[in-house]
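Trainee: Sequence and predicted structure, then a few things I'm wondering about:
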Amino acid sequence: MIGGTLFGTTSNGGVNGDGTVFSLKLSDSTFATLASFNGTNGAGSFSPLTASGDGTTLYGATFVGGASNEGAVFSLSVNGGAITSFASFNTTNGENPRGDLALSGDGRTLYGTTESGGTHSEGTVFSVPIPAPEPGSAALLLTGLLAVAARRRRAAI
Amino acid sequence: MQYLCVGKSRSTLQGLISHVVALFILGLACTAPSQAQITTLANFTSTGGGLPIGGLTLSGGTLYGTTVGSVFSLPAAGGTLTTLGSFSQSQSVTDVIVNGGTIYGTIFQGGANFDGSIFSLPIGGGTPTNIATFSGPSSVIQNGLTLSADRSTFYGSTQTNAGADGTVFSVPIGGGTPTTLGTLTGTPQGDLTQVGGTLYGVTSTGGTNNLGTVFSIPVGGGTITTLVNFTGTNNGSAPESGLT
């Protein structure tokens, strides 16, 4: 639970029929669909969500979907928006993740299992680093804008 | 090359370079998140127990989980997978709870009647011990346990053999006879979540549209309240995992 709100996934339904991520505010039972899977960003989640340490981001895995349709690892803001699939399974590195993901103490790595795939087609234990948080991109964007502004100011002098 | 030595042209070149750098940085900022590399820490085999379904629990730098026939541990930093205990004629399909020096979990077909059971296992390995067994029509356990905040009680849910309906139960951490807290009209999925004096969970069937629900029930038992009825296209259907 984050700030009085519970979060979960559905394995089916939503606008694309690939499942959804939802929230339920306990104080007034307000339900919201935060996002829908579309296959490319994952489909058919059987794993519970894992919250980041600061409570801003949800992580999870989908049983299928992703780049090879063998499952994906995704992130999503607790406020909703686009689902970001940042890792995909391809049979060699496992397929069909299912079950809880574990988050490392420093919040940088997710651990999980795949039900099948891997060297012996009997499943794997995997780890995947969490991509740099959005503030990194925001800082890059700000730096770029400042550089452009400085150039224009210099040109105007 | 003359322009390099002329002030006006030099300024123009510097301006061009600064623009290119700025646009490069902007490009980096606008690039879609790159794919992260998945690292395989262990590959399961049929002989050592495979097909892990329940996910992982991280405790003290070690990952714990179950396969269809065993409980295993693996250093999170990578290393050798260790089988801590094995089940006979039964299987676990859920995550485990690590509490102190003991691992707890559920067995899909454990107990004397090959119904469901709850096991405990020393964290260093050994023989799993059934501390609670289930019997009757709603005795299949495919969902994990939730440990109360005071670490005295497990909460969980069962299903019927037909995979429909089920119950919410409690069991003391020391084991004993399960207490039925409520009966569901729908198939419970995933772990329960305790918030104060209330347990929250999901069913993948049942509800107004038979597409699943979110429900709550007092930890002491009583009336099950349906908080959400899933509708399919509008808000999804068939939740298969617990709430966070």
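Mentor: Yep, that arrived. Residues are numbered from 1 along each chain as shown, chains lettered A, B, ... in the order given.

Trainee: quick one: contacts for residue 128?
Mentor: Just so you know, I chose chain A. Residues in contact with A:Val128 (CB atoms under 8 Å, 6 or more residues apart in numbering or on different chains) are A:73, A:86-87, A:109-110, A:112, B:36-39. For every residue, glycine as well, the C-beta is placed using N, CA and C.

Trainee: meant chain B actually
Mentor: So B:Pro128 contacts B:71, B:85-87, B:107, B:119-121 (CB under 8 Å, 6+ apart).

Trainee: Mark which of the contacts of A:Val128 are buried, thanks.
Mentor: Neighbour counting over the contacts of A:Val128 (16 or more other CB atoms under 10 Å in any protein chain shown) leaves A:73, A:86-87, A:109-110, A:112, B:36, B:38 as the buried ones.

Trainee: Which one of those is nearest to B:Asp165?
Mentor: A:Gly112 (29.7 Å; CB to CB).

Trainee: I'd assumed A:Ala61 was in contact with that closest one.
Mentor: Yes: using CB atoms under 8 Å, A:Gly112 is in contact with A:Ala61, at 5.9 Å.

Trainee: Output the contacts of A:Val128 as CSV; include the columns secondary structure.
Mentor: Shown next, in CSV, are the contacts of A:Val128 (DSSP: H, G, I helix; E, B strand; the rest coil):
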residue, secondary structure
A:Val73, strand
A:Phe86, strand
A:Ala87, strand
A:Thr109, strand
A:Leu110, strand
A:Gly112, strand
B:Ala36, coil
B:Gln37, coil
B:Ile38, coil
B:Thr39, strand
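
Trainee: Tabulate these (JSON lines), appending distance to B:Val202 and pLDDT.
Mentor: As requested, these are exported to JSON lines (distance: CB to CB, whole Å; pLDDT from 0 to 100):
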{"residue": "A:Val73", "distance to B:Val202": "21", "pLDDT": "98"}
{"residue": "A:Phe86", "distance to B:Val202": "26", "pLDDT": "97"}
{"residue": "A:Ala87", "distance to B:Val202": "26", "pLDDT": "97"}
{"residue": "A:Thr109", "distance to B:Val202": "27", "pLDDT": "98"}
{"residue": "A:Leu110", "distance to B:Val202": "22", "pLDDT": "98"}
{"residue": "A:Gly112", "distance to B:Val202": "20", "pLDDT": "97"}
{"residue": "B:Ala36", "distance to B:Val202": "29", "pLDDT": "95"}
{"residue": "B:Gln37", "distance to B:Val202": "33", "pLDDT": "96"}
{"residue": "B:Ile38", "distance to B:Val202": "28", "pLDDT": "97"}
{"residue": "B:Thr39", "distance to B:Val202": "31", "pLDDT": "97"}
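
Trainee: For residue 103, report the pLDDT, please.
Mentor: Using chain A here. The predicted local confidence for A:Leu103 comes out at a pLDDT of 98.

Trainee: that's the other chain; I wanted chain B
Mentor: pLDDT, B:Ile103: 98.

Trainee: re earlier: pull up the overlap in contacts between A:Gly112 and A:Ala61.
Mentor: Between them, A:Gly112 and A:Ala61 share these contacting residues under CB under 8 Å, 6+ apart: A:47, A:73, A:97, A:101.

Trainee: tell me the contacts of the first one?
Mentor: Taking CB under 8 Å, 6+ apart, we find A:Ser47 in contact with A:9, A:60-63, A:97-101, A:112, B:55, B:241.

Trainee: Apply 6 Å and report the result again.
Mentor: For A:Ser47, the contact set (CB atoms under 6 Å, 6 or more residues apart in numbering or on different chains) comprises A:60-61, A:99, B:241.
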